[in-house]
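K.L.:
return a 3D structure for these sequence lines:
(one chain, ligands or ions: 2)
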Amino acid sequence: MFRAIENALLFAERTALVCGDREYTYAALSHGAREFAGLLLNGRSDLEEGRIAFMVDPGFEYVKVQWAVWQAGGVAVPLCITHPFPSLQYVLEDTGAETVVASVRYMPMLEAYCVQQGIRLFSVEAEVSGEDAALPHVEDGRMAMILYTSGTTSKPKGVVTTHANLNAQVSTLIEAWHWHRDDRILCVLPLHHVHGIVNVVCCALYSGACCRFLPDFSGEAVFRYFLEGRLSVFMAVPTIYFKLIAYWETLSEADADRVSVAMRAFRLMVSGSAALPVAVMERWKAISGHSLLERYGMTEIGMAISNPYEGERRPGHVGMPLPGVDIRIAEEQGLPVPEGEPGEILVRGDNVFTRYWNRQEATQEAFTADGWFRTGDVAVVEDGYIRILGRNSVDIIKSGGYKISALEIEEVLRTHPGVKDCAVVALPDEEWGERIVAALVTDMPGPDPADLDRWMRAQMASYKVPRRYLNVEELPRNTMGKVLKAEVKQLFS
Ligand code: MCA
Ligand code: AMP
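P.N.:
Ligands and ions are numbered 1, 2, ... in the order given. Just a heads-up that it's a prediction; the model follows:
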């Protein structure tokens, strides 16, 4: 089982979580999770890898449910709290979730569907018996979590992570980034992805440190927490650093100075999930005194490559393999390329996921014959430091740190009655990394962009919705009929 749960006994009276002005000790978290595990078990001795989906706001209740699922032998399926219903339904169906736990405010959205499907639904505040239920022994090799990630298929795939994978993903970061029990981290990231769940929450709790939640990101709130002077670690995606810099620049000189002084007291600031522009790294250093530690990871593998904690953090580079993670830069056959030549990043180690949920073919394609995971990212090694050059698919977009499939968006757009055909591409963007745009083949004049935007937001997460539409008579195609995405991008210039 994920070791943070056992470790919690060592840290009993220390503060584990801070949510608003409430603090929760490790003892309170352990106790709450055990009680809730009893409720999930409902008389059974083991959930036996039943999928338990939960739509819970970041905070004590979220971690309580996650630990309860693990202790009861279930598989945790965190749902995104901002997704519209069709995206939630997809995850519930795909995982075959047997139970859904929700914060009270999300219950109405899920109720009718759960009743109709015979899924057990209850509130995170549901009354517990107060008795300690007997909990099963959960082997490390059992499934712990399914997270959804977009890829080269149109629909997101469920990534199955075992307890052993989680232990490996967390322990390498504890060692590499010197996590310790006196750390205090601010969590501003969503809790349906690895960055927030594993790097922030799981690492903090594994080490006996304290995690403070800020559920709604804003520059003002982040700096307010920084100014309290109690935090020591911060992790975010480049878009967040960009937004914080922009907000800092609006402050009066005296306020900006105060924030800068508060930031100098941090032990560590990390950036990841998307390429950190060198200009953002330099500007952040100027205002905070910190050279951001940039690292590279993926839902399927946790973190794999990191700049050093001590030593040079090289701008534009993601660093070296983390302890216990094997990296190969390879040509198409999976064989290593000579040093200094570009190739795909392959990864091997206990951190690597076991399989995509119910997708045997996709799983097979994701690994080489000798067991290396193919990331689809292309990189080069320069002086021992790895530099990411790009991805080997134009249909994978990174915007605001979220991985988004152009094909998934196209599929949804094509179901709109006013859209005959479409092509979705990403344009470079200073703030978001990439910005999603769509060329539409329509009967002129085409759907009203504001109406289309509203319609799209009801179908998919707002971060997947195109920011601009362009009506065209036809899409540029090659002689085989394949859409030329590079030419589609040109249409927007
Ligand atoms: C939102 N907006 C956008 C985008 N997202 N515009 C362009 N591109 C986007 N991608 C718009 C909204 O439509 C809205 O405009 C306005 O920005 C504010 O939206 P909101 O959602 O409130 O934005 P926010 O709260 O400011 O969020 C920005 C954010 C968020 C905090 C950067 O995107 C975020 O939390 N990103 C982190 C994602 C993450 O954790 N990724 C890690 C994946 P309007 O008002 O006009 O509608 S894990 C991973 O990648 C691997 C494992 C790894 O290596 O970590
Ligand atoms: P996700 O599927 O959301 O886990 O996103 C993983 C992808 O994010 C990787 O395959 C990379 O393309 C990208 N990524 C993560 N960290 C970095 C980084 N530091 N620099 C560039 N790309 C990154």
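K.L.:
before we move on, what SS does G73 have?
P.N.:
coil (DSSP: H, G, I helix; E, B strand; the rest coil).
K.L.:
surely it touches R51?
P.N.:
No. The criterion here is Cβ atoms under 8 Å, and G73 misses it with R51 at 11.7 Å. Any C-beta I mention is one placed from the backbone N, CA and C, and that applies to glycine too.
K.L.:
looking at the chain, which residue lies furthest from center?
P.N.:
M444 (39.1 Å; Cα atoms, centre = their mean).
K.L.:
now do that residue, the pLDDT please.
P.N.:
Per-residue confidence (pLDDT) for M444: 78.
K.L.:
how far away is it from V483?
P.N.:
20 Å (Cβ to Cβ, to the nearest Å).
K.L.:
ok, E332 next?
P.N.:
Counting by Cβ to Cβ - E332 and V483 are separated by 23 Å.
K.L.:
out of these two, which sits in the more crowded spot?
P.N.:
V483 (18 against 9; other Cβ atoms under 10 Å).
K.L.:
so the residue in the stretch 301-450 of the chain that ligand 2 sits nearest to is in which element?
P.N.:
The stretch 301-450 of the chain approaches ligand 2 most closely through K403 (3.5 Å), counting by Cβ to the nearest ligand atom. Element membership of K403, judged by DSSP states H and E, is strand 402-405.
K.L.:
what residues does that strand touch?
P.N.:
149-154, 156, 193, 299, 395-398, 436, 461, 463-464 (Cβ atoms under 8 Å, 6 or more residues apart in numbering).
K.L.:
OK, contacts around the residue positioned nearest the centre of the chain?
P.N.:
In the chain, the centroid-proximal residue (Cα atoms, centre = their mean) is H193; its distance is 2.4 Å. Contacts for H193 (Cβ under 8 Å, 6+ apart) come out as 147, 273, 299, 402.
K.L.:
before we move on, the earlier item: measure the residue lying closest to the residue farthest from the centre of the chain once chain neighbours are set aside to ligand 1 for me?
P.N.:
Here the nearest residue to M444 in space, its sequence neighbours aside, is N471; by Cβ to Cβ, 6 or more residues apart in numbering that works out to 6.7 Å. Going from N471 to ligand 1 by Cβ to the nearest ligand atom, to the nearest Å gives 21 Å.
K.L.:
can you check T152 too?
P.N.:
T152 is 16 Å from ligand 1, by Cβ to the nearest ligand atom.
K.L.:
wait, is that residue part of a helix?
P.N.:
No. Read with three-state DSSP, T152 is coil and lies in no helix.
K.L.:
just give me the neighbour total for it.
P.N.:
The burial count for T152: 17, using other Cβ under 10 Å.
K.L.:
likewise the one 3 residues further on?
P.N.:
The number of residues packed around K155, counting by other Cβ under 10 Å, is 14.
K.L.:
do the same with C19
P.N.:
20.
K.L.:
what of E339?
P.N.:
Neighbour number of E339 under other Cβ under 10 Å is 11.
K.L.:
how about the nearest residue to it, chain neighbours excluded?
P.N.:
Per Cβ to Cβ, 6+ apart, closest to E339 is V381, 5.7 Å.
K.L.:
what are the bridge partners for the one you found, then?
P.N.:
Listed by DSSP bridges, the beta-bridge partners for V381 are I386.
K.L.:
repeat that for F54.
P.N.:
Going by DSSP bridges, F54 forms beta bridges with P78, V101.
K.L.:
how close does Y26 sit to V201?
P.N.:
13 Å.
K.L.:
just K482 next, same as before
P.N.:
42 Å.
K.L.:
kindly report the same for P86.
P.N.:
P86 is 27 Å from V201, by Cβ to Cβ.
K.L.:
so for those two, which sits in the more crowded spot?
P.N.:
Between P86 and V201, counted using other Cβ under 10 Å, the more crowded position is V201 (24 against 11).
K.L.:
dump the residue contacts of S45.
P.N.:
S45 neighbours (Cβ under 8 Å, 6+ apart): 134, 136.
K.L.:
what about it, which SS state?
P.N.:
coil.
K.L.:
tell me the residues of this structure that contact ligand 1?
P.N.:
189-190, 193-196, 217, 237, 239-240, 272-273, 297-299, 399-403, 432, 435, 462-463, 467 (Cβ under 6 Å from any ligand atom).
K.L.:
can you select the buried ones from the residues you listed in ChimeraX?
P.N.:
In ChimeraX, this line selects whichever of the residues of the chain next to ligand 1 come out buried by 16 or more other Cβ atoms under 10 Å:
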select :189,190,193,194,195,196,237,239,240,272,273,297,298,299,399,400,401,402,403,432,435,463
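K.L.:
packing partners of the longest helix anywhere in the chain?
P.N.:
Ranked by residue count under DSSP state H, the longest helix found in the chain is helix 26-41. The contact analysis (3 or more Cβ pairs under 8 Å, 6 or more residues apart in numbering; DSSP states H and E) places helix 26-41 against strand 15-19, helix 60-71.
K.L.:
in its sheet, which strands sit next to the first one, and in what direction?
P.N.:
Just to be clear, that refers to strand 15-19. Per DSSP bridges, strand 15-19 is paired in its sheet with strand 22-25 (antiparallel), strand 210-213 (parallel).
K.L.:
quick one: the strands in the stretch 301-450 of the chain?
P.N.:
302-306, 320-321, 326-330, 343-348, 355-356, 373-382, 385-391, 396-399, 402-405, 421-429, 433-441 (DSSP state E, counting those that start in this stretch).
K.L.:
dump these to a markdown table, plus mean pLDDT.
P.N.:
Formatted as a markdown table, these follow (pLDDT from 0 to 100):
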| stretch | mean pLDDT |
| --- | --- |
| strand 302-306 | 98 |
| strand 320-321 | 98 |
| strand 326-330 | 98 |
| strand 343-348 | 98 |
| strand 355-356 | 97 |
| strand 373-382 | 97 |
| strand 385-391 | 97 |
| strand 396-399 | 96 |
| strand 402-405 | 96 |
| strand 421-429 | 97 |
| strand 433-441 | 97 |
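K.L.:
deepest of those strands, which one?
P.N.:
strand 302-306 (a mean of 27; mean count of other Cβ atoms under 10 Å).
K.L.:
hmm, that strand in reach of ligand 2?
P.N.:
No. Strand 302-306 is not in contact with ligand 2 by Cβ under 6 Å from any ligand atom; minimum separation 8.0 Å.
K.L.:
so that strand versus strand 385-391, what angle?
P.N.:
In terms of direction (axes from the mean of the first three to the mean of the last three Cα atoms, to 10 degrees), strand 302-306 departs from strand 385-391 by 120 degrees.
K.L.:
what sits up against strand 302-306?
P.N.:
With contact meaning Cβ under 8 Å, 6+ apart, strand 302-306 is reached by 165, 168-170, 172-173, 176-177, 194, 198-199, 272, 293-298, 318-322, 325, 327, 345, 347, 349, 351, 375, 386.
K.L.:
which ones among those come in contact with ligand 2?
P.N.:
Near ligand 2, by the rule Cβ under 6 Å from any ligand atom, you find 194, 272, 294, 296-298, 318, 375 out of those.
K.L.:
tell me which of the residues you listed fall in strands.
P.N.:
294, 296-298, 375 (DSSP state E).
K.L.:
could I get these as TSV with distance to L135?
P.N.:
Listed next are these as TSV, based on distance: Cβ to Cβ, whole Å:
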residue	distance to L135
E294	40
Y296	36
G297	31
M298	32
T375	36
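K.L.:
state the distance from A366 to G272.
P.N.:
Relative to G272, and taking Cβ to Cβ, A366 is found at 21 Å.
K.L.:
contacts only, for T299.
P.N.:
147, 149, 159, 193-194, 353, 403.
K.L.:
quick one: name the residues of this protein near ligand 2.
P.N.:
Counting by Cβ under 6 Å from any ligand atom, the residues of the chain near ligand 2 are 149, 194, 272-275, 294, 296-299, 318, 375, 377, 388, 391, 398, 403.
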